[in-house]
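**Student:** Take a look and give me a structure for this.
(chains A and B)
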2 protein chains.
Amino acid sequence: MIVGTEWLIEAFECEAKTLRDASVLQKVFSQIIADLGLKTLGEPLWHTFGGEGGVTGLVMLTESHLACHTYPEYGVATFNLYCCRTRPEWNWKANLMKTVGAKKVKVAKVERGVEFQDSNPKSIIQNPESKAVGGEI
Amino acid sequence: MIVGTEWLIEAFECEAKTLRDASVLQKVFSQIIADLGLKTLGEPLWHTFGGEGGVTGLVMLTESHLACHTYPEYGVATFNLYCCRTRPEWNWKANLMKTVGAKKVKVAKVERGVEFQDSNPKSIIQNPESKAVGGEI
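**Tutor:** Coordinates of the predicted model:
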């Protein structure tokens, strides 16, 4: 029984300063929420670690949740988008190139609530957008 | 560059009433946080969907985040634990059997921040605990 779909995104070679700026990440969240027609529940949680540290954001959705963690020291940002209703694919690559200066974006998709055989992890993790949004630019 | 480890957990054949009871899930979160020596940031977010609906919980951690979504209609609960510092394995199976009556628990572990070849998704998703915490009881 598939109860939801989760996208796990890694953005590489981002601009460090954007990964320390919560307002940039908040705009990314707003765009995801608007583009996919998601609905927030309660107040978003944001934390900026200060100094050379990154930013963490968590938003509860009626459809599940959206999270990000950034690592300016490595130029890496990761996102999780978990949706319990079918949503279109978001263009992570184009949007993260524009907003945080990502040079590479990896998108993996996991079906949640599914039993699987250990010998076949491919059944639960896929990268259907690899041509569209992953790999070298 | 591995920036964090994320555990994706699916608990199957749980007792529906426990999956509608936020206090049960809050105790699970408290136990995870205490057992793994995690530190919360800000207020936890909890939402009970009411009626036959489930519960969503989100907690920001200095180590990243912890999330759960429950689906009483299917007896399924899913958890995400994302940690940006090395933490021991938590005994998801034993604990979720005891707290939400799970009969089967699947634990997958994903290294975040890692580039991978599409042809080898095994490199980013593993189930190292399959003997200990997965499969049939």
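**Student:** Return the residues in contact with the residue nearest the centre of chain A.
**Tutor:** For chain A, the residue whose C-alpha lies nearest the mean C-alpha position (CA atoms, centre = their mean) is A:Phe79; its distance is 2.5 Å. Counting by CB atoms under 8 Å, 6 or more residues apart in numbering or on different chains, A:Phe79 touches A:Trp7, A:Leu8, A:Ile9, A:Ala11, A:Leu66, A:Ala67, A:Cys68, A:Trp92. (Glycine included, C-beta is placed from N, CA and C.)
**Student:** quick one: buried residues of stretch A:37-54?
**Tutor:** For stretch A:37-54, a neighbour-count test (16 or more other CB atoms under 10 Å in any protein chain shown) marks A:Leu38, A:Thr40, A:Leu41, A:Pro44, A:Leu45, A:Trp46, A:His47, A:Thr48, A:Gly54 as buried.
**Student:** Let me fix that, I meant to ask about stretch A:100-114.
**Tutor:** Going through stretch A:100-114 with 16+ other CB under 10 Å, the ones that come out buried are A:100-102, A:104-114.
**Student:** Averaged pLDDT, that stretch. What do you get?
**Tutor:** With pLDDT averaged residue by residue, stretch A:100-114 scores 95.
**Student:** Quick one: end-to-end length of that stretch, please.
**Tutor:** Distance between the two ends of stretch A:100-114: 33 Å, counting by CA to CA, to the nearest Å.
**Student:** where does chain A dip in pLDDT?
**Tutor:** When the per-residue scores of chain A are filtered using pLDDT under 70, the ranges that remain are A:116-137.
**Student:** Please repeat the previous calculation with a cut-off of 50.
**Tutor:** Within chain A, the ranges that satisfy pLDDT under 50 run A:117-137.
**Student:** Good, wrapping up.
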